[in-house]
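**Student:** Build me a model:
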Amino acid sequence: MKYCFFIVLFSLIKIVAFGAEAMDTIPTPFGLKIDLSPESKSWREFNSYDGHFSILSPGEMTQKIDSIQTPIGTLAYHVFFFQTNQQNADNVLYMLSYCDYPEGAIHSDSTELLKDFFDATVESAAKAVKGELMYERNAKYKDYPGKIWRIDYLDGKALIKTKAYVIGRRYYTIQTITRKDRSLNFSSDKFLDSFKLLE
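**Tutor:** Modelled structure (predicted):
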């Protein structure tokens, strides 16, 4: 595929300083863990009726729309994000974005095109942040095709976890940006797994 579909919004990606790790769990009997991160008490459901989705967020999400010039024309890129600068937060950024591609560009039924589409997307995502792709695998939302991947960057100090789906002509991306010392946390999985289409 000659053109790259992945768009990185650097203005939204502000990694906080990497200080000493603050514990987000405490030991309990039988190996259970209690989530003590700042996110644990503030989760709420965010619905976008124009975007036809709902997602759980640990804070109020901000919306931004960018017009992106691509080889297939101008795309309206809708971005919803929650960002925190709390040093002991699980993740520094929670973000969901989507854009609609024109007829004939890409579709969830385009089996042959989708492999090239996702391959180019993942490769470009890593290059955009000068990062290293740590893993990727195919995924699905209901019967719609998707991909999951993780990129380490900033010399291994931070990572981006991504789930992406093509649903009709719409491309959804769900991401968290995390300090490496928080690579395993409740909040990232909770956010990434909470994406739902609104019927």
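
**Student:** Can you check which helix is longest in this protein?
**Tutor:** In the chain, assigned by DSSP state H, the helix with the most residues is helix 111-128.

**Student:** in stretch 52-67, what's buried?
**Tutor:** For stretch 52-67, the neighbour count (16 or more other C-beta atoms under 10 Å) marks 52-59, 61 as buried. Where you see a C-beta, it was placed from the backbone N, CA and C, and this is true even at glycine.

**Student:** swap in stretch 134-149?
**Tutor:** 136, 141, 144-149.

**Student:** Nearest to Ile177, out of the residues you listed: which one, please.
**Tutor:** Taking C-beta to C-beta as the measure, Ile177 sits nearest to Trp149 out of the buried residues of stretch 134-149, at 13.5 Å.

**Student:** Quick one: the helices in the protein, in order.
**Tutor:** Counting by DSSP H, the helices of the chain are 111-128, 186-193.

**Student:** so who does the closest residue to Tyr101 other than its chain neighbours touch?
**Tutor:** Among residues not flanking Tyr101 along the chain, Arg169 sits closest, at 4.9 Å (C-beta to C-beta, 6 or more residues apart in numbering). Listed by C-beta atoms under 8 Å, 6 or more residues apart in numbering, the contact partners of Arg169 are 100-103, 105-108.

**Student:** ok, of these, which one's closest to Lys163?
**Tutor:** Among the contacts of Arg169, and counting by C-beta to C-beta, the member closest to Lys163 is Ser108, at 14.9 Å.

**Student:** tell me, how many neighbours does that closest one end up with?
**Tutor:** 18 (other C-beta atoms under 10 Å).

**Student:** Could you report the separation of it from Lys157?
**Tutor:** According to C-beta to C-beta, to the nearest Å, Ser108 and Lys157 sit 35 Å apart.

**Student:** cool, and Ala128?
**Tutor:** Note on Ala128: its distance to Lys157, by C-beta to C-beta, is 17 Å.

**Student:** And these two? Which one has more around it.
**Tutor:** Ala128 (17 against 12).

**Student:** How confident was the prediction at the nearest residue to Ser194 once chain neighbours are set aside?
**Tutor:** Spatial nearest neighbour of Ser194, chain neighbours left out: Leu56 (3.8 Å); criterion: C-beta to C-beta, 6+ apart. pLDDT, Leu56: 97.

**Student:** In contact with the most centrally placed residue in the chain, which residues?
**Tutor:** By C-alpha atoms, centre = their mean, the chain has its centre lying nearest to Gln175, at 1.1 Å. The contact partners of Gln175, taken as C-beta under 8 Å, 6+ apart, are 93-97, 160-163.

**Student:** Generate CSV for these, with neighbour count and pLDDT as supplementary columns.
**Tutor:** Output for the contacts of Gln175, formatted as CSV (neighbours: other C-beta atoms under 10 Å; pLDDT from 0 to 100):
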residue, neighbour count, pLDDT
Leu93, 20, 95
Tyr94, 28, 96
Met95, 24, 96
Leu96, 25, 97
Ser97, 21, 96
Ile160, 23, 96
Lys161, 20, 97
Thr162, 22, 97
Lys163, 20, 97
